[in-house]
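Engineer: Following is a predicted model, sequence given first.
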Amino acid sequence: MPNPIANADSDVMISLHDLRVSYGDREILHGVNMEVKRGETLVILGGSGSGKSTLLRTLVGLEKPSSGEIWLKGKNLASISDDDLDEIRRKMGMSFQSGALFGSMTVGENVGLPLREHTKLEDSTIEIMTRLKLEQVGLGGFEDYFPAQLSGGMKKRAAVARALSMDPEILFFDEPSAGLDPIIAAGIDQLILELKQAFHMTIIVVTHELASAFLIADQMVYIDKGVIIAQGTPAEMKANPLPRVRQFFDRVAEPEVEQEMDYLQMLTATHRRPNR
Amino acid sequence: MLAYVGALARLTSQAAYYAFVGPFRGRPLRLGRAFSQAMEVGVRALPVLSLITFFIGLILAIQGAYELKKFGAIHFVADAVAITMTRELGPLITAIVVIGRSGSAFAAEIGTMKVNEEIDALETMAISPVQFLVTPKFLAMILMLPCLTIWANFMGILGGSLFGVLKADFTFVEYMRASVSALFMRDIVTGLIKSVMFGMTITAVGCSEGLATGQGAESVGKSTTAAVVMSIFLVVVVDLIFTSLFFFAGGI
């Protein structure tokens, strides 16, 4: 069944309608609606446990939604067959938080793996393409290193090279700058900007690094407790008056709920015997 | 438990599909990975397996002689060792050695990959983890376990011959001749059929425990332990099933 909304505007790459995702009995996403346009960089912001990683995992088909629709390239991921999902996945690249490089293979083999599995290209062609991808991310000459021999930032770059190897239309990043020092993290941001300018890829980034988010985003969504509570351009988000959003952007800690005495009483009450 | 066995059967049938049907449906088989697994599962297991089964053969001979001596039939020790090794202990001891070396390694390898998001990465690259990881191990196992079993049978008989030569008045050649003439083809074949079944069981348990690994490094340890315990248990169950099948249904 073609999606009327997607047809009305062919520039829409991904659209979500009332997306709900649960782990067992616990619902993580409570009805997410959003759209991503072709060639746009969308940053998904949110605190830990907000559901932003679950949203990303659902977008790449690693989690099945419990209800709702995910329209991507004319297919609904919520009810897609495995073969169609694989077809779409060949047009997606995903860079995982930890890099997720295969430790038993060299960097070159990692980057060339999708080509080796999905194309009938000659080994020599694959080698050249692998080298090109690695040069694109600034890792030329590291083909024969093992992932364990690379630094954190280089692993991330190699993971990006692997995500790029099938020339994807959509690129997903899970926490691209987590665990990296500011200089390396800025380098990854720069890389994302270059990819966007050079290939007009649709890029979706999950992060909680504000500086990085404002630098790379065309559009942002802020997700809190499984619902999107704010979305817009970086400028619109900066001006957003919602307290939860302000708190996140201004780095304000959660206010203490209890008074000190109430808190002490709460701690001691359960241990106090009535006869004392 | 039934659901668990069902899941194992499903994983095995998927692996078998990618091994035997997939190549004819445009999903080429990567024999390189199966080959390196076969080296790991099979060839590298030879030293320890040889030693263990040699000792087992020797133990069998001593224990057998203890009983046979009472009937003045110590010269039957060669028959006893040969038959017990090929029908039962060869396949079983081989399976247990392979569980310790490879079943645990499968669970640890796949479990570590799961924790490092590598399994997720495979899926997002449209590469089936079963095809990529389980099928080569499956092929290596069903090929190497019978080979190892034949070798184990031989080493067991060799171990028995040590006792035969030293304590039962055999010459080495006589002992070997006695062993060979005691064996029927069906003894060897039933042992080999068992070993193929053991290979499937070990692969399925090791891989499915690995794939079921939760979060964090400690869960890899848990899956590895679970894989070893579960594999040993299920191999014994499968052994019982096939031994009774051969005995009651086939009369062999």
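Structural biologist: Right, received. Where do you want to start? Residues are numbered from 1 along each chain as shown, chains lettered A, B, ... in the order given.
Engineer: Going by C-alpha atoms from here, please, whenever you check contacts or count neighbours.
Structural biologist: OK.
Engineer: Kindly report the residues of chain B close to chain A.
Structural biologist: B:Met113, B:Asn116, B:Glu117, B:Glu118, B:Asp120, B:Ala121, B:Glu123, B:Thr124, B:Met125, B:Ala126, B:Ile127 (C-alpha under 8 Å from any C-alpha of the partner chain).
Engineer: Excluding sequence neighbours, find me the nearest residue to A:Ala213.
Structural biologist: Residue nearest to A:Ala213 in three dimensions, not counting chain neighbours: A:Val43, with 6.3 Å by C-alpha to C-alpha, 6 or more residues apart in numbering or on different chains.
Engineer: secondary structure element for the one you found?
Structural biologist: strand A:41-45 (DSSP states H and E).
Engineer: average model confidence for the helix or strand following that strand?
Structural biologist: Proceeding N to C from strand A:41-45, the next assigned helix or strand is helix A:52-59, under DSSP H and E. With pLDDT averaged residue by residue, helix A:52-59 scores 89.
Engineer: From the chain's centroid, how far away is helix A:52-59?
Structural biologist: Taking the mean of its C-alpha atoms, helix A:52-59 sits 7 Å from the chain's own mean (C-alpha atoms, centre = their mean, to the nearest Å).
Engineer: touching chain B at all, it?
Structural biologist: No - shown here: helix A:52-59 not in contact with chain B (C-alpha under 8 Å from any C-alpha), separated by at least 9.1 Å.
Engineer: I figured A:Leu85 hits A:Ser79, correct?
Structural biologist: No - taking contact to mean C-alpha atoms under 8 Å, the distance of 9.7 Å between A:Leu85 and A:Ser79 leaves them out of contact.
Engineer: The longest helix seen in chain A - contacts with which helices or strands?
Structural biologist: With DSSP state H applied, the helix covering the greatest number of residues in chain A is identified as helix A:182-199. Contact partners of helix A:182-199 among helices and strands, from 3 or more C-alpha pairs under 8 Å, 6 or more residues apart in numbering or on different chains; DSSP states H and E: helix A:152-164, helix A:210-216.
Engineer: Parallel or antiparallel, which strands does the helix or strand following the shortest one pair with?
Structural biologist: What that stands for is helix A:210-216. Once the chain leaves helix A:210-216, the next helix or strand it forms, by DSSP H and E, is strand A:219-224. For strand A:219-224, the paired strands and their directions (DSSP bridges) read strand A:41-45 (parallel), strand A:227-232 (antiparallel).
Engineer: Regarding B:Leu68, what is its secondary structure?
Structural biologist: B:Leu68 falls in the helix class when you classify it by DSSP: H, G, I helix; E, B strand; the rest coil.
Engineer: so what's residue 90 up against?
Structural biologist: No chain was given, so I picked chain A. A:Met166, A:Pro168, B:Met125, B:Ala126 (C-alpha atoms under 8 Å, 6 or more residues apart in numbering or on different chains).
Engineer: if you could check chain B rather than the one you did, that'd help
Structural biologist: B:Thr53, B:Thr84, B:Thr149, B:Ile150, B:Ala152, B:Asn153, B:Gly156, B:Gly191.
Engineer: switch the cut-off to 10 Å
Structural biologist: For B:Gly90, the residues meeting the contact criterion (C-alpha atoms under 10 Å, 6 or more residues apart in numbering or on different chains) are B:53, B:56-57, B:82-84, B:146, B:148-157, B:188, B:191-192, B:195.
Engineer: try A:Gly46
Structural biologist: Residues counted as contacts of A:Gly46 (C-alpha under 10 Å, 6+ apart) are A:52-53, A:206-209, A:221-226, A:228, A:245, A:248.
Engineer: what separates it from chain B, distance-wise?
Structural biologist: 21 Å (C-alpha to the nearest C-alpha, to the nearest Å).
Engineer: partner residues bridging the nearest residue to that residue once chain neighbours are set aside?
Structural biologist: Here the nearest residue to A:Gly46 in space, its sequence neighbours aside, is A:Ile223; by C-alpha to C-alpha, 6+ apart that works out to 5.0 Å. Taking DSSP bridges, one finds A:Ile228 as the beta-bridge partners of A:Ile223.
Engineer: any idea which element the residue nearest the centre of chain B lies in?
Structural biologist: Nearest to the mean C-alpha position of chain B, counting by C-alpha atoms, centre = their mean, stands B:Ala95 at 2.9 Å. If you go by DSSP H and E, B:Ala95 is part of helix B:90-98.
Engineer: tell me the mean pLDDT over the helix or strand containing B:Ala108?
Structural biologist: For B:Ala108, the host element (DSSP H and E) is helix B:104-115. Mean pLDDT, computed over helix B:104-115, is 94.
Engineer: So which other helices or strands are in contact with that helix?
Structural biologist: On a contact count with 3 or more C-alpha pairs under 10 Å, 6 or more residues apart in numbering or on different chains; DSSP states H and E, helix B:104-115 meets helix B:118-124, helix B:185-211, helix B:217-244.
Engineer: quick check: mean pLDDT across stretch B:235-246?
Structural biologist: If you average the per-residue pLDDT over stretch B:235-246, you get 93.
Engineer: how far is that stretch from where the chain is centred?
Structural biologist: Average the C-alpha atoms of stretch B:235-246, do the same for its chain, and the two points are 13 Å apart (C-alpha atoms, centre = their mean).
Engineer: Check stretch A:190-201 too.
Structural biologist: Per C-alpha atoms, centre = their mean, the displacement of stretch A:190-201 from the mean C-alpha position of its chain is 16 Å.
Engineer: Restrict that stretch to CA atoms and write it as CSV.
Structural biologist: These are the backbone C-alpha positions of stretch A:190-201, laid out as CSV (Å, rounded to 0.1, in the frame of the first residue of the first chain):
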residue,chain,number,x,y,z
GLN,A,190,33.7,17.9,10.3
LEU,A,191,33.5,14.6,8.6
ILE,A,192,29.7,14.5,8.9
LEU,A,193,29.5,18.0,7.4
GLU,A,194,31.8,17.0,4.5
LEU,A,195,29.7,13.9,3.7
LYS,A,196,26.6,16.0,3.7
GLN,A,197,28.0,18.6,1.4
ALA,A,198,29.8,16.2,-0.9
PHE,A,199,27.1,13.5,-1.3
HIS,A,200,23.9,15.2,-0.2
MET,A,201,23.2,12.2,2.0
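Engineer: show me where chain A has strands.
Structural biologist: Ranges of strands in chain A, per DSSP state E, are A:12-23, A:26-37, A:41-45, A:67-72, A:75-76, A:92-95, A:170-174, A:202-207, A:219-224, A:227-232.
Engineer: Near chain B, which residues of chain A are found?
Structural biologist: Taking C-alpha under 10 Å from any C-alpha of the partner chain as the criterion, chain A approaches chain B at residues A:57, A:60-62, A:82-83, A:85-104, A:113-115, A:117-118, A:159, A:162-163, A:165-166.
Engineer: Just the buried ones from those?
Structural biologist: Among these, those classed as buried by 16 or more other C-alpha atoms under 10 Å in any protein chain shown are A:57, A:60-61, A:85-86, A:88-103, A:113-115, A:117, A:159, A:162-163, A:165-166.
Engineer: Where does pLDDT dip in chain B?
Structural biologist: Regions of chain B meeting the criterion pLDDT under 70 cover residues B:26, B:251-252.
Engineer: Which strands or helices does the longest helix seen in it pack on?
Structural biologist: As assigned by DSSP H, the longest helix anywhere in chain B is helix B:135-167. Under the contact definition 3+ C-alpha pairs under 10 Å, 6+ apart, helix B:135-167 sits against helix B:2-16, helix B:31-41, helix B:46-68, helix B:77-84, helix B:90-98, helix B:172-182, helix B:185-211.
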